[in-house]
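>>> Coordinates for the following, if possible.
(chains A and B)
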Amino acid sequence: MKKRIWSLALAGIMVLSATACSGGSDTGTSAETSQTAQGETAQEGETDSAYSESFKIGIAEVQANDESIQRRAYFEDYIAPHYNCEFIFSEQCNGTEDILTFIENCADAGCDAVISYGNEDIEQLTQVCQEYGMMYVVNTVRINPKTEAAFSGGYENFAAFGSDQTAIGQVFGDWLKENASADGSEGFLICSGLAYSGNLQQTEITQSCLTALQELYGLTYESDLNSMVISSSPIEAANDKGINIYVYPGNPNKVEGYLQGLTAALQTGKYGVMLQSVQLYDQTGVVVQETEEALNKDIKVAGMATVSESLKTAFATKDQFGNPTVNMATAKPVSLLCASGFAQTYNLLTGHRDATLAENGDAGELNTTLWPITDLETLDIISQWDTPEGGKWIVDYDIVDSMLAVNNPELTNADMQAIVDSVTYESTLERLGE
Amino acid sequence: MTNTIAVKAAPRLKLTDRIDIIKNKRMFSLAFPLSILLLLILAFGAATGGAFFRGTVLKGLFDQTLIIGTMATAVSFIYTTGNLDISVGSVMGLGAVAGALVYGATENVVLMIGTAIIASILLMLFNGTLSVVFNIKTTMVAVVVMQLYNAIISEVVGADTLKVDFQLCKMLEDGGFRYGAFIIYFVVCLLAFHFTEMGRQLRFIGGNKKCAEQTGMNPKKAICISFLMAGIGIGIAAVFTIIRTGSVGSTTGNGMGMDVMLATVLGGMSIFGGAKSNTYSGIIGALTVSALNKGLLMLGVSSTVIQGVRGVIFLLLVFLNSERPSTLPAREQF
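Modelled structure (predicted):
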């Protein structure tokens, strides 16, 4: 019995202390934490005078990975103290119901805005936020009917930011031009991931890959491109040039089943280039290497990735042909995407909606391109930036300041986009160094 | 003198025995989780300077609880008989898909509601029938059909979401449809479970199946009845889901089977059924989860810490609620 009482008492103390500690640290984030990116310490008075109005912003997360950790550090440790904001993060939201619950809880907690990384049912959730008097800024782009209603609906509390689909297509297209054969005889396998269940990013990348191949070889698909992208079963993208193009969907979270199907496809020997919309390069790397050994055939791999140790390993590991396991990865400049979302939100909150609007008066978006990494040296440099430990953020206060209409009332969405576009690998390298 | 000796000779009860006596009181399973819930609400109310007591916050708390609460009320009929069904989330999802499809085709809200409920009842009866006909544990049936139902949802819904007019959903919500439907269903369940012969039979079968059989009860019939009752509730939850978000996607209902189980356990009911089962544990458990999430967020607690705090509190509640008999379990578990 004594043990039972002790265990209860200790558990109770643990709950109380955890609550007390976290409460203190969280509520104090914006006011007390004042570490700047370059390791300096911000002056409290300076922060107050520059951005005196305080805001509370909820962040609806839909994933838990390296990127979300980077994002949290950027918002919480870097943005919050300087811009007098407090951020509340959700747990991993698994759909509209979870995001809706988070929005309601944010409203009760006194939030002024919600930045959502989930892009389902945007219009409904914008309306819900509108009822609560909150802004709703979503990580999405205007690419299909699913998002159209929110952009053209005239909602005064809505804005968006996302990855530039055309630019991503360009990245894959450029890489293919350099690495694919002139006739496409090696064959292409495109992993569409969860595009079939509405994952916007994976939809975008699969579309980009198919479009890039279309442009590169001047081919015409026999089926509708969009229907192939969202197909829930593997599909041969038959075309007039007879090039082998295979779209392979699957849930990368169920790794074993996913890899089984992928292995079967690769071992047909029909595909020499694999383009991935999913971030699964370490596991797929093993499958590719096994296939290369079995067929004595070099398979090139390009895909989405987050800058991390496992990506470094993938680049450092050579296959039997002396090539790295991953030939090209597109890295997401996380702080650039975060800063875009924050700037859109801050402009809405400070009454500068005009700065967020597109030229035609619809809700505007800011598009960020992804950076291609083709060698370990570039990866080593990029991996020093946007780390959760801080120090070298790709987007610093100067850039964020320039995207806020409180500093420049004449600012337009096009100006903001130009600022986002100016943040490239080269410009960052020049500013932050290696 | 004689009396004095008798008092001295009486064995002194240990603290554990006293606790067991309290825990075995009939009302303990209701009073304890309810007290915890009220304590939580009071604590959050005090910590937030009364903000937690605002009408909108409490309404939001109830709104967030309705779907899981209704489903937990529904599956209490299955749990009571000593059976488990973790496919209820998928059944709910598929019921919602059917309802949304019918709405898309007819724009008739009555047909949508009817379809969602009937589809859910049929699916649950299918689960129950599979178990009865092939004499397979309901848990195993659930594992298999869950894959099947999820595949159907993915195939039907695909990359899109099925939309239902959001303004209509808001109108139904603001008009109190959800509250009315829940209260009616909850009262019916309460009466059927606690005040009818059917309810007593279900509890008896859950407590001791063999003994129940020997007294003339039919466990197979009981399974069918429990799945029918659950199907009605899951159908209602499917309608609530459509109304809440105005859309149904391929992930609707995913993982809800476990959430329902968690709410039931937190509410103080054993998922192995038996005489102490009830219909109200699920809603109490679901309210506890929502109160914790909302209260901690309003206090500015980090989401990662919320998960930790919630885990510890869940462990505490389960520890205090569960029975740990010193003998081996009497029921045949598998």
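>>> Can you classify the residue in the stretch 201-334 of chain B that chain A sits nearest to by secondary structure?
Across the stretch 201-334 of chain B, the shortest distance to chain A (C-beta to the nearest C-beta) belongs to residue B:305, at 3.7 Å. The way it works is simple: take the backbone N, C-alpha and C, and place the C-beta from them, glycine included. Following DSSP: H, G, I helix; E, B strand; the rest coil, residue B:305 is assigned to helix.
>>> could you measure it against residue A:89, distance?
Separation of residue B:305 from residue A:89 (C-beta to C-beta, to the nearest Å) stands at 11 Å.
>>> In terms of neighbours, single out the busier of those two.
residue A:89 (21 against 17; other C-beta atoms under 10 Å in any protein chain shown).
>>> who's in contact with the more buried one?
Contact partners of residue A:89, counting by C-beta atoms under 8 Å, 6 or more residues apart in numbering or on different chains, are A:58, A:59, A:61, A:72, A:76, B:302, B:303.
>>> can you rerun that using 10 Å?
A:26, A:57-61, A:68, A:71-72, A:75-76, A:102, B:297, B:302-304, B:306 (C-beta atoms under 10 Å, 6 or more residues apart in numbering or on different chains).
>>> Now do the strands in chain A.
A:55-60, A:85-89, A:113-116, A:135-139, A:158-163, A:188-193, A:235-236, A:245-249, A:273-276, A:300-305, A:328-331, A:365-368, A:371-373 (DSSP state E).
>>> Can you lay out those as TSV showing mean pLDDT?
As requested, the strands of chain A are exported to TSV (pLDDT from 0 to 100):
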stretch	mean pLDDT
strand A:55-60	96
strand A:85-89	94
strand A:113-116	96
strand A:135-139	95
strand A:158-163	91
strand A:188-193	93
strand A:235-236	92
strand A:245-249	94
strand A:273-276	92
strand A:300-305	86
strand A:328-331	86
strand A:365-368	91
strand A:371-373	88
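>>> Under the pLDDT cut-off, which ranges of chain A? List them.
A:1-49, A:143-145, A:434 (pLDDT under 70).
>>> Nearest to the middle of chain B, which residue? Look it up for me.
residue B:72 (1.3 Å; C-alpha atoms, centre = their mean).
>>> Can you classify it by secondary structure?
Quick answer, by three-state DSSP: residue B:72 is helix.
>>> quick one, what contacts the residue found closest to it once you drop the neighbours it is linked to in the chain?
Among residues not flanking residue B:72 along the chain, residue B:282 sits closest, at 2.2 Å (C-beta to C-beta, 6 or more residues apart in numbering or on different chains). Neighbouring residues of residue B:282 by C-beta under 10 Å, 6+ apart: B:65, B:68-76, B:79, B:186, B:189, B:233, B:260-269.
>>> ditto for residue A:373
Counted by C-beta under 10 Å, 6+ apart, residue A:373 has contacts A:305, A:307, A:311, A:315, A:326-331, A:379-383, A:425.
>>> What separation do you get for it and residue A:307?
According to C-beta to C-beta, residue A:373 stands 8 Å off from residue A:307.
>>> which residues are in contact with both of those two?
A:329, A:331, A:379, A:380, A:381, A:382, A:383.
>>> before we move on, the earlier item: for ChimeraX, what selects the buried ones among the contacts of residue A:373?
Those of the contacts of residue A:373 that count as buried under 16 or more other C-beta atoms under 10 Å in any protein chain shown are selected in ChimeraX with:
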select /A:305,307,311,315,326,327,328,329,330,331,379,381,382,383,425
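>>> What about chain B: which of the contacts of residue A:373 touch it?
The subset of the contacts of residue A:373 within reach of chain B, by C-beta under 10 Å from any C-beta of the partner chain, is empty.
>>> Which of the contacts of residue A:373 sits closest to residue A:162?
residue A:330 (14.2 Å; C-beta to C-beta).
>>> I'd say the closest one and residue A:168 touch.
Yes: in this structure residue A:330 lies within contact range of residue A:168 using C-beta atoms under 10 Å: 6.8 Å.
>>> hey, what's in contact with both of these two?
A:205, A:208, A:304, A:369, A:370, A:372.
>>> Give me the neighbour count for the closest residue to the second one other than its chain neighbours.
Nearest in space to residue A:208, with sequence neighbours left out and distances taken as C-beta to C-beta, 6+ apart, is residue A:169 at 3.4 Å. Using other C-beta under 10 Å, residue A:169 has 20 other residues around it.
>>> need the contact list for residue A:169.
A:204, A:205, A:207, A:208, A:209, A:210, A:211, A:212, A:214, A:215.
>>> Can you tell me which of those are buried?
Counted by 16+ other C-beta under 10 Å, these give A:204, A:205, A:207, A:208, A:209, A:210, A:211, A:212, A:214 as buried.
>>> Show me which residues of stretch B:153-166 are buried.
Buried-residue list, stretch B:153-166, by 16+ other C-beta under 10 Å: B:153, B:154, B:157, B:158, B:159, B:161, B:162, B:163, B:164, B:166.
>>> So which bits of the helix or strand hosting the second one are buried?
Spelled out, that is residue B:154. If you go by DSSP states H and E, residue B:154 is part of helix B:138-157. When burial is assessed from 16+ other C-beta under 10 Å, helix B:138-157 yields the following buried residues: B:138, B:141, B:142, B:145, B:146, B:149, B:150, B:153, B:154, B:157.
>>> helix or strand right after the helix or strand bottoming out on mean pLDDT in chain B?
The least trusted helix or strand in chain B, going by mean pLDDT, DSSP states H and E, turns out to be helix B:2-9, with a mean of 56. With elements assigned by DSSP H and E, the helix or strand that comes after helix B:2-9 is helix B:15-24.
>>> Could I get the contacting residues of the nearest residue to residue B:132 once chain neighbours are set aside?
Closest residue to residue B:132 apart from its sequence neighbours, by C-beta to C-beta, 6+ apart: residue B:220 at 4.6 Å. The contact partners of residue B:220, by C-beta under 10 Å, 6+ apart, come to B:128, B:129, B:131, B:132, B:133, B:135, B:213.
>>> Which secondary structure elements does the helix or strand encompassing the third one sit against?
Okay, so that is residue B:131. Assigned by DSSP H and E, residue B:131 belongs to helix B:109-134. Under the contact definition 3 or more C-beta pairs under 10 Å, 6 or more residues apart in numbering or on different chains; DSSP states H and E, helix B:109-134 sits against helix B:55-80, helix B:88-106, helix B:138-157, helix B:166-174, helix B:177-194, helix B:219-245.
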